[in-house]
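Asker: next one to model:
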Amino acid sequence: MDKLSLVGLLLGIGGILGGQLLEGGGLSILFQGTAFLIVFGGTLGAVMLQSPLNVFVTGIQMGRWVFVTPQLPPQKLITQLTAWRRLAHKDGMLVLEPQIARSSYSFVKKGLQLLVDGNSAEKIREVLEIDNHTYEQLRFQSARVWESAAGYAATIGILGAVLGLVHVMQSLGEPSKLGAGIAVAFISTIYGVALANLVFLPMANKLKMLILQQVVMREILVDGLTAIASGENPRFIENKLQGFIP
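Answerer: Sure thing, here's the model as predicted:
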């Protein structure tokens, strides 16, 4: 669990609600189902319209990364690659075959399988770099789903405000209905701006950072496996891969 993301989200929401209370306003006025439906439904529809299905689904699935980050520590990976080199040097490449089933990462499985099958370092790098490029492109496109949602939410919040004002204009002869219409108008704007700047845009930016971290992990694996295939010294492999760690 990424505690910083959780604390940041709670702090942002708490600041808004706390400010409302300090100003003497009630919290109940901020909960308007109609306004939420306009903003959330409109934003979701706009994002679905602009995105291919695989990009949209991947983007939604990646949303949990903000709070539950995929863990593949670089130092642990470097240590593992160095250990694999020592095993391969001692007993041959086939000794690494059991490691394929033990790994929970498909990219690691693929790289190890290429290594065990006796492919050259150049062939392994060629295959894995294509895979890595495809991974990076899809994930960045998917992160933009959240970035796009931020832009749409703010705009649709304004649309909700206009709809609320239209409702108010239609009810000028019925003063009892004016309050509800005005509330929907302004609350829609609050929802749109708040979702855009407190949720969607921060999530998009954090996902981009996490994608870059994942890409670096995959680059470490590519360099490590190709070094093993080339028969490099374990100490050399470790020192080389340490350069990936800031």
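
Asker: got the domain boundaries for this structure?
Answerer: 1-31, 33-242 (automatic domain parsing).

Asker: winner for burial among those domains?
Answerer: Burial of those is given as mean neighbour count (mean count of other C-beta atoms under 10 Å); domain 33-242 ranks first at a mean of 17. C-beta coordinates here come from the backbone N, C-alpha and C atoms, glycine included.

Asker: span of that one from start to end?
Answerer: Counting by C-alpha to C-alpha, to the nearest Å, you get 53 Å between the two ends of domain 33-242.

Asker: that older thread, weakest of the domains of the chain by average pLDDT?
Answerer: Of all the domains of the chain, domain 1-31 carries the lowest average pLDDT, namely a mean of 82.

Asker: distance from the chain centre to the top helix by length along the chain, please.
Answerer: Longest helix of the chain, by residue count under DSSP state H: helix 121-170. Put simply, helix 121-170 sits 10 Å off its chain's centre (C-alpha atoms, centre = their mean, to the nearest Å).

Asker: just checking, what packs against it?
Answerer: Secondary-structure packing of helix 121-170 (3 or more C-beta pairs under 8 Å, 6 or more residues apart in numbering; DSSP states H and E): helix 42-50, helix 53-62, helix 106-116, helix 178-194, helix 201-229.

Asker: other SSEs contacting the helix or strand that the longest one is followed by?
Answerer: So that's helix 201-229. Using DSSP states H and E, the next helix or strand after helix 201-229 towards the C-terminus is helix 234-242. Packing partners of helix 234-242 (3+ C-beta pairs under 8 Å, 6+ apart): helix 74-91, helix 201-229.

Asker: ok, for the residue nearest in space to the middle of the chain, nearest residue in space, not its chain neighbours?
Answerer: The centroid of the chain falls nearest to Leu207 when counting by C-alpha atoms, centre = their mean (3.3 Å). Using C-beta to C-beta, 6 or more residues apart in numbering and skipping the chain neighbours, the partner closest in space to Leu207 is Ala143 (4.0 Å).

Asker: tell me how far the one you found lies from Val168.
Answerer: Taking C-beta to C-beta, to the nearest Å as the measure, Ala143 falls 39 Å from Val168.

Asker: cheers, nothing more for now.
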